[in-house]
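S.K.: sequence and predicted structure below; questions after.
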Amino acid sequence: MSSQEQTQSNAELEIETEIQSERSDRETRADEPVLEVRELDVHYGDERALQPVNADIPEKKVTAIIGPSGCGKSTFLRCVNRMNDQIDVCSVGGELYFHGKNVYDDDVDPVALRRKIGQVFQRPNPFPKSIYDNVAYGLRIQGKTDDLDTRVERALRRAALWSEVEDRLDESALDLSGGQQQRLCIARAIAPDPEVLLMDEPASALDPIATAKVEDLIEDLAENYTVVIVTHNMQQAARISDKTAVFLTGGELVEFDDTTTIFENPANQAVEDYITGKFG
Amino acid sequence: MSTDTDPSQGFADEIVRKDNAENRRVRRGLFGCAAITVLTTVAIFVVLIDNAFGFFFDVRLYEATLQGGATQQITFTEYFTGARWAPSHSTPDFGILPLINGTLMVTVGAAFVSIPIGTATAIYLSEYARPEVRSKLKPALEVLAGVPTIVYGFFAISFITPIFIRPFFELFGVRASFFNALAAIIVVGIMTIPMVASISEDAMQAVPDDLRNGAYALGASRHEVSMGVVLPASISGVFASYILAISRAIGETMAVTLAMGAQPRMSLSPLVEMMTMTSFMVSRARGESAVGSIDYQSLFAVGLTLFVMTLAANLLNDYIKRRYREVYQ
């Protein structure tokens, strides 16, 4: 074994131990939710987009957010990584704790927050760069440039895209199909290893085959990440999520419980009507 | 057969094309207007070629065609490589290099002013400025583009040269000429900033917000989004604005004539008086040289050279637009 290989395997060992200790850290506070939402409400100008929301989002689980169009699902999602900061007229009240720290505290840097909480958008939005550079973008701006090739490959493998692109990493990402672009965006979001992954209807612009691939992927991702996914597809929510939050018109979180409870025995009549298709 | 109108016949009549005379007249009128532009361009090109031919050969192009021959009086080698331009001197020389030297000096120098400032302005307006700031700044910028160029010339000789350039270089014991290339570079640079800023900003605004959000969600700062995502994504439009600004600087006339003077000179010093192709044409077009004289015809040779240069810039612009345009879904 050459010394170089030895150093490498040592490094791998270190990473392994690190991951393990991190895991046991996380396991000891397994009951603690990663995100605690307290009386969070949102206004766009004078218009209220979200009624006060309370919810605890568990770690390394898939939490689905369902509800009719315009019910505040995406607005809620954007609160978590403070993407609403980009919208001038948007004002957020209440608290949202990430590992016990309110992300709306004055001393929180949204740029640093977004490095912990990644997001995948409704429409695939790859940068007009090569496939490789797309995945490497987040790693580069976050300074995680050691072993860049390995990290890019790992992200693409996790996103189930590696075998389709491994021999054309230098080609423009815009030449990929829509489904491939969306998986590329997922790879881009998970490459820097965020803790939480927000997904805003990630499969709504995709055909059924690509959708199935993305759904499989989301279930796999929950082994390593906390996933919060907005979807207007109830079957999808039932298939992939552990917990489900139901928002109804007016931006109100009506019910939040285990997915099986929501779909089989909801407490709220309006939720049952919505689930069974009597609503709207 | 009855004379009653058949209802189905009436319905068919409605959808049959009618011979519409008014439609045709409007169509011809509109075509005529469009044709005027094209014909004018063709006419200008023909006059330029014809007279420029007369400059290089002893007869005009149409005469040469009729007579079937011409003798060359000024060689292309002399014209394109000669370093002295003195068309009306008692010992005339027709080397265009000093004029090209003047033109390139202004063009390249002005690009060094307008490209960085214009691009930075565009990034500020598109990515940093709040909407209310942008809504005031952008029209102000476009007013700058509407100032007549002769006013810029006055600005150069009444402000930039006496108050800024000359006292500044005096500090180092260097004497700047009253007419100098630097003043022209500065005013032409300022003059073309709005063009770079405005067109680049339009290109940046056309970048979908989805891309910005994608980068912000990865923890990119505003600076990283501007430089790493928006600028590369809008590069074809940004380059197009550079080329347009450059071709505007090549053809710029009144400001450089006033600021830079009228002394054809081979020099790389920005502090001396020089002459551009356009300034030469202004000085010669005042009607002092006899029609048909070689002095007069040199005007057309220079004009044709200028025409080819700006045409090349425009073709390059088209090429870059097509080559670097990204198609978003």
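M.R.: In hand now; what should we look at?

S.K.: in contact with residue 69, which residues are there?
M.R.: Went with chain A since none was named. residue A:232 (CB atoms under 8 Å, 6 or more residues apart in numbering or on different chains). C-beta here means a position set from N, CA and C on the backbone, and glycine is covered the same way.

S.K.: oops, wrong one, chain B.
M.R.: Counting by CB under 8 Å, 6+ apart, there are no residues that residue B:69 touches.

S.K.: ok, now the one 5 residues further on?
M.R.: Residues in contact with residue B:74, defined by CB under 8 Å, 6+ apart, are B:55, B:56, B:94, B:294.

S.K.: just checking, which of those belong to helices?
M.R.: B:55, B:56, B:294 (DSSP state H).

S.K.: out of those, who has the most neighbours?
M.R.: Most neighbours among those, by other CB atoms under 10 Å in any protein chain shown: residue B:55, with 23 neighbours.

S.K.: before we move on, the earlier item: can the ones in helices among the contacts of residue B:74 go into a markdown table with extra columns for distance to chain A?
M.R.: Output for the ones in helices among the contacts of residue B:74, formatted as a markdown table (distance: CB to the nearest CB, whole Å):
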| residue | distance to chain A |
| --- | --- |
| B:55 | 48 |
| B:56 | 48 |
| B:294 | 54 |
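
S.K.: save the residues you listed as JSON lines, and put in pLDDT too.
M.R.: Listed next are the ones in helices among the contacts of residue B:74 as JSON lines, based on pLDDT from 0 to 100:
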{"residue": "B:55", "pLDDT": "90"}
{"residue": "B:56", "pLDDT": "90"}
{"residue": "B:294", "pLDDT": "85"}
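
S.K.: out of the residues you listed, who's nearest residue B:67?
M.R.: Residue B:67 has its nearest neighbour among the ones in helices among the contacts of residue B:74 in residue B:56, at 15.7 Å by CB to CB.

S.K.: was I right about the closest one contacting residue B:73?
M.R.: Yes: because the distance of 7.0 Å satisfies CB atoms under 8 Å, residue B:56 is recorded as touching residue B:73.

S.K.: contacting residues around residue B:268?
M.R.: Contacts of residue B:268 by CB under 8 Å, 6+ apart are residue B:105.

S.K.: repeat that for the one 4 residues further on.
M.R.: For residue B:272, the residues meeting the contact criterion (CB under 8 Å, 6+ apart) are B:177, B:180, B:181, B:263, B:265.

S.K.: can I take it that it is in a helix?
M.R.: No: checked against DSSP: H, G, I helix; E, B strand; the rest coil, residue B:272 lies outside a helix; its state is coil.

S.K.: pLDDT value on it, please?
M.R.: With respect to pLDDT, residue B:272 scores 92.

S.K.: number of nearby residues for the one residue in the stretch 1-150 of chain B that gets nearest to chain A?
M.R.: Here the stretch 1-150 of chain B gets closest to chain A at one residue, residue B:131, 7.1 Å apart by CB to the nearest CB. By other CB under 10 Å, 8 other residues sit near residue B:131.

S.K.: tell me the phi and psi of it?
M.R.: Phi and psi for residue B:131, reported as degrees, to the nearest 10, are phi -50, psi -40.

S.K.: that one contacts residue B:125, correct?
M.R.: No: applying CB under 8 Å, one finds residue B:131 not in contact with residue B:125, separated by 10.5 Å.

S.K.: on that earlier part again, check the contacts of residue B:272 against chain A, which are close?
M.R.: For chain A, no contacts are drawn from the contacts of residue B:272 by CB under 8 Å from any CB of the partner chain.

S.K.: out of these, which sit inside strands?
M.R.: Of the positions in the contacts of residue B:272, not one sits in strands, assigned by DSSP state E.

S.K.: of the residues you listed - the most surrounded one?
M.R.: Highest neighbour count within the contacts of residue B:272: residue B:181, with 29 neighbours (other CB under 10 Å).

S.K.: now residue A:34. Nearest residue, chain neighbours left out?
M.R.: Nearest residue to residue A:34 in three dimensions, chain neighbours excluded: residue A:59, at 4.3 Å (CB to CB, 6 or more residues apart in numbering or on different chains).

S.K.: part of a strand, is the one you found?
M.R.: No: Residue A:59 sits outside any strand when classified using three-state DSSP, being coil.

S.K.: looking at it now. What's its pLDDT?
M.R.: On the pLDDT scale, residue A:59 gets 91.

S.K.: kindly report the same for residue A:4.
M.R.: pLDDT, residue A:4: 51.

S.K.: ok, residue B:99 next?
M.R.: 94.

S.K.: chain neighbours aside, what residue packs nearest to it?
M.R.: For residue B:99, ignoring the flanking residues on the chain, the nearest one in space by CB to CB, 6+ apart is residue B:277 at 4.6 Å.

S.K.: so who does that neighbour touch?
M.R.: Contacts of residue B:277 by CB under 8 Å, 6+ apart are B:96, B:99, B:100, B:102, B:103, B:302, B:305, B:306.

S.K.: which residues does residue A:226 contact?
M.R.: A:34, A:35, A:57, A:58, A:59, A:60, A:61, A:63, A:195, A:196, A:197.

S.K.: how about residue B:234?
M.R.: B:200, B:203, B:204, B:206, B:207.
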